[in-house]
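> Can you look at this prediction? I've put the sequence above it.
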Amino acid sequence: MHFGWSTFALQTVNFAILVWLLHRFLYKPVLHLIDARRGEIDKQYADAQAAEAQAETRLAAVQAEREKIAGERASALKQAAAQAEEQAAARRAQAERDAAATLASAHKSLADERALALAEARRAALDLGADIAGRLLAQVPMKLRTEAWIDRIEHHLASLPKPEVEALARQVGDGVPLKIVTASTLPPEAADLWRSRLRQILGDDITVDYGVDPGLVAGAELHFPRAILRFSWQSALAAMRAEIEADGNAH
């Protein structure tokens, strides 16, 4: 085989031209195409990663929203249960208060009715006792009754401090009479006896007048110009009735 340098040189030049042509018209476009495709693929991959990241973000947001909703639901249920329990407790407490108030009102009504009935019974007993006592007293001789009452009056005046007795005596001096009011007319001897005994306490110069008031029931009243000393059953019965009324009002 004969080796020719010209042939080699020509083939070398042809090869160089072929390489240049391939590089110029095939390799570069292919490289550009590959680069473009790679860029497109990278872009698609980046877009896919961005979409995946966005999806993960949205999924995390959705999960957080679900957890938030679940927490709010649990809190709402808990709050509703607490409010229901509070309302139930308030209703129970109100029912207990209402029941206690009703029971207290019933007890008060019963107590008031009992007190009223007791006061009525006391008044009836007082009236009955006064009536019976009056009838029994009517059977007692007048002399004994008058002596009992003058004894009581005399004892009361004797028990007063001396300045008070002197003040009473000064009220009936200088002709101003002491008026003695009795439930029934005193016999003359009883009137004289009362006048004599009262003069021993209040002074020999006092004037004594007599009056009658059947409303006194029994006993007497000494009417001074500025004072009245009551020793009658009327005053005693009035005090008892006042006490009964006070007890009834207190209940």
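Thanks, I have it.
> Where does pLDDT dip in the stretch 1-150 of the chain?
Applying pLDDT under 70 to the stretch 1-150 of the chain flags the ranges 1-4, 27, 110-142.
> residue boundaries of the helices in it?
5-21, 28-138, 142-159 (DSSP state H, counting those that start in this stretch).
> Show me where the stretch 151-251 of the chain has its helices.
162-171, 188-202, 233-250.
> Turn the helices of the stretch 1-150 of the chain into CSV, columns for distance to residue 199 and mean neighbour count.
Just so you know, the C-beta spots here come from the backbone N, C-alpha and C atoms, and that holds for glycine as well. Below are the helices of the stretch 1-150 of the chain laid out as CSV (distance: least, Cβ to Cβ, whole Å; neighbours: other Cβ atoms under 10 Å):
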stretch, distance to residue 199, mean neighbour count
helix 5-21, 176, 10
helix 28-138, 27, 11
helix 142-159, 11, 15
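> Residue 192 is nearest to which of those?
Taking Cβ to Cβ, helix 142-159 is the member of the helices of the stretch 1-150 of the chain nearest to residue 192, at 10.9 Å.
> List the contacts of the spatially closest residue to residue 220 that is not a sequence neighbour.
Nearest non-adjacent residue to residue 220, counting by Cβ to Cβ, 6 or more residues apart in numbering: residue 182, 4.6 Å away. Residue 182 makes contact with 149, 210, 211, 212, 213, 216, 219, 220 under the criterion Cβ atoms under 8 Å, 6 or more residues apart in numbering.
> thinking again about what came up before, using TSV, lay out the helices of the stretch 1-150 of the chain together with distance to residue 226.
Putting the helices of the stretch 1-150 of the chain into TSV (distance: least, Cβ to Cβ, whole Å) gives the following:
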stretch	distance to residue 226
helix 5-21	159
helix 28-138	30
helix 142-159	16
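> which stretch among the ones you listed comes nearest residue 174?
Closest approach to residue 174 among the helices of the stretch 1-150 of the chain is made by helix 142-159 (20.2 Å; Cβ to Cβ).
> How far does that closest one sit from its chain's centre?
Between the centre of helix 142-159 and the centre of its chain there are 56 Å (Cα atoms, centre = their mean, to the nearest Å).
> Just name whatever secondary elements that helix is in contact with.
In terms of contacts (3 or more Cβ pairs under 8 Å, 6 or more residues apart in numbering; DSSP states H and E), helix 142-159 is packed against helix 188-202, strand 219-224, strand 227-232.
> What lies in contact with the last one?
When you say that, I think you mean strand 227-232. With contacts defined as Cβ under 8 Å, 6+ apart, strand 227-232 is touched by 149, 152-153, 156, 168, 171, 183, 216-222.
> what do you get for the longest one?
Defining contact as Cβ under 8 Å, 6+ apart, one finds that helix 188-202 is touched by 142-143, 146-147, 150, 153-154, 157-158, 165, 168-169, 172, 178, 180, 186, 205-206, 208, 210.
> make it 10 Å
The contact list for helix 188-202, computed with Cβ atoms under 10 Å, 6 or more residues apart in numbering, reads 142-143, 145-147, 149-151, 153-154, 157-158, 160, 165-166, 168-173, 178, 180, 182, 185-187, 204-210, 220, 222, 224.
> buried sites along that helix?
Within helix 188-202, the residues that count as buried by 16 or more other Cβ atoms under 10 Å are 190, 191, 193, 194, 195, 198, 202.
> Export the residues you listed to a markdown table and append columns for pLDDT and distance to residue 85.
Compiled in a markdown table, those are given as follows (pLDDT from 0 to 100; distance: Cβ to Cβ, whole Å):
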| residue | pLDDT | distance to residue 85 |
| --- | --- | --- |
| 190 | 91 | 86 |
| 191 | 92 | 88 |
| 193 | 92 | 88 |
| 194 | 92 | 85 |
| 195 | 93 | 89 |
| 198 | 92 | 84 |
| 202 | 90 | 84 |
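> Closest to residue 26 out of the residues you listed?
Closest to residue 26, out of all of the buried residues of helix 188-202 and judged by Cβ to Cβ, is residue 202, at 164.2 Å.
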